[in-house]
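>>> what's the 3D shape of this:
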Amino acid sequence: MSKGEQTRASILARVAPLFNQQGYFGSSLSDIMQQTGMEKGGIYHHFKSKEQLALEAFDYAYAILDQRIRAMMAGKKHAIERLYALLSYFQELVDDPPIAGGCPILNTAIEADDAEPALRDRARGAMDELRATVQRIITRGSERGEIRSGVDVETWTSVMIAALEGAVMLSRLYQDTVHMHRTITYIRHCIERDLV
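Numbers count the residues shown, from 1 in each chain. Next up, the predicted model:
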């Protein structure tokens with residue numbers, strides 16, 4: 001990695017938590033400069049705009065989440081095991097967040113809604129990947145007989161992700177992980193009742 005690439009990586013590692021905690025609009029250039037220890041010219045030497053920095057910081061944060069999900073699912077072949085690994089991932093997201101500020105997909109989706117279409121599209125793309133993972137697990141599990149046939153994959157995916165992301169929000173809002181614990185306990189009950 002060249003010196004320039006190392007500097008870019010360092011900027012992203014420092015700015016991703018800032019944007020995730022304070023948001024794109026809540027993070028001023030002076031906040032970015034303070035977080036990175038760099039002057040404006042140094043930052044804009046590596047990123048042409050704040051928007052480009054925000055997009056790449058989101059990609060950086062999402063890559064960390066994706067790595068954690070993959071690590072938690074590694075070696076798990078059975079569909080139910082893989083769904084439980086996903087639940088464990090969300091539990092860790094509130095117990096031991098891989099990036100400060102909670103779930104960058106949720107945070108970015110809420111903040112960028114109509115105000116910043118490029119960020120919204122990035123969050124939507126990341127959510128599409130998460131949804132596709134859940135859909136694939138349920139579909140393949142059903143094909144292999146690990147999940148009962150006839151399950152409405154789309155509904156299960158929407159409800160499961162909405163509940164888990166909502167639990168992230170509640171856990172952060174109240175600074176109490178009990179909301180995630182309750183949600184995971186309930187989803188596990190629903191998996192056992194409706195999918196097995």
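>>> What's the local residue count around Ser49?
By other Cβ atoms under 10 Å, 9 other residues sit near Ser49. (Each C-beta comes from the backbone N, C-alpha and C, glycine too.)
>>> tell me the pLDDT at it?
Turning to Ser49, the model gives it a pLDDT of 94.
>>> quick one: it and Ile32, what's the gap?
Using Cβ to Cβ, to the nearest Å, Ser49 is found at 12 Å from Ile32.
>>> Kindly export stretch 3-21 (C-alpha atoms) in PDB.
Provided in PDB are the C-alpha atoms of stretch 3-21 (Å, rounded to 0.1, in the frame of the first residue of the first chain):
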ATOM      1  CA  LYS A   3       1.700   6.300   1.400                       C
ATOM      2  CA  GLY A   4      -1.200   8.000  -0.200                       C
ATOM      3  CA  GLU A   5      -3.300   4.800   0.100                       C
ATOM      4  CA  GLN A   6      -2.300   4.500   3.800                       C
ATOM      5  CA  THR A   7      -3.400   8.100   4.400                       C
ATOM      6  CA  ARG A   8      -6.700   7.600   2.600                       C
ATOM      7  CA  ALA A   9      -7.300   4.400   4.700                       C
ATOM      8  CA  SER A  10      -6.400   6.300   7.900                       C
ATOM      9  CA  ILE A  11      -8.800   9.100   7.100                       C
ATOM     10  CA  LEU A  12     -11.700   6.700   6.400                       C
ATOM     11  CA  ALA A  13     -11.000   4.800   9.600                       C
ATOM     12  CA  ARG A  14     -11.200   8.000  11.600                       C
ATOM     13  CA  VAL A  15     -14.100   9.600   9.800                       C
ATOM     14  CA  ALA A  16     -16.400   6.600   9.500                       C
ATOM     15  CA  PRO A  17     -17.200   6.500  13.300                       C
ATOM     16  CA  LEU A  18     -17.700  10.300  13.200                       C
ATOM     17  CA  PHE A  19     -20.200  10.200  10.400                       C
ATOM     18  CA  ASN A  20     -21.900   7.100  12.000                       C
ATOM     19  CA  GLN A  21     -22.300   9.000  15.300                       C
END
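>>> buried sites along it?
For stretch 3-21, a neighbour-count test (16 or more other Cβ atoms under 10 Å) marks 7-8, 11-12, 14-20 as buried.
>>> Tell me the one among these nearest to Glu56.
For the buried residues of stretch 3-21, the minimum distance to Glu56 (Cβ to Cβ) is 5.9 Å, reached by Leu12.
>>> Now the closest one: which helix or strand?
helix 3-22 (DSSP states H and E).
>>> Packing partners of that helix?
Contact here means 3 or more Cβ pairs under 8 Å, 6 or more residues apart in numbering; DSSP states H and E; on that basis helix 3-22 packs against helix 29-36, helix 40-46, helix 50-73, helix 104-112.
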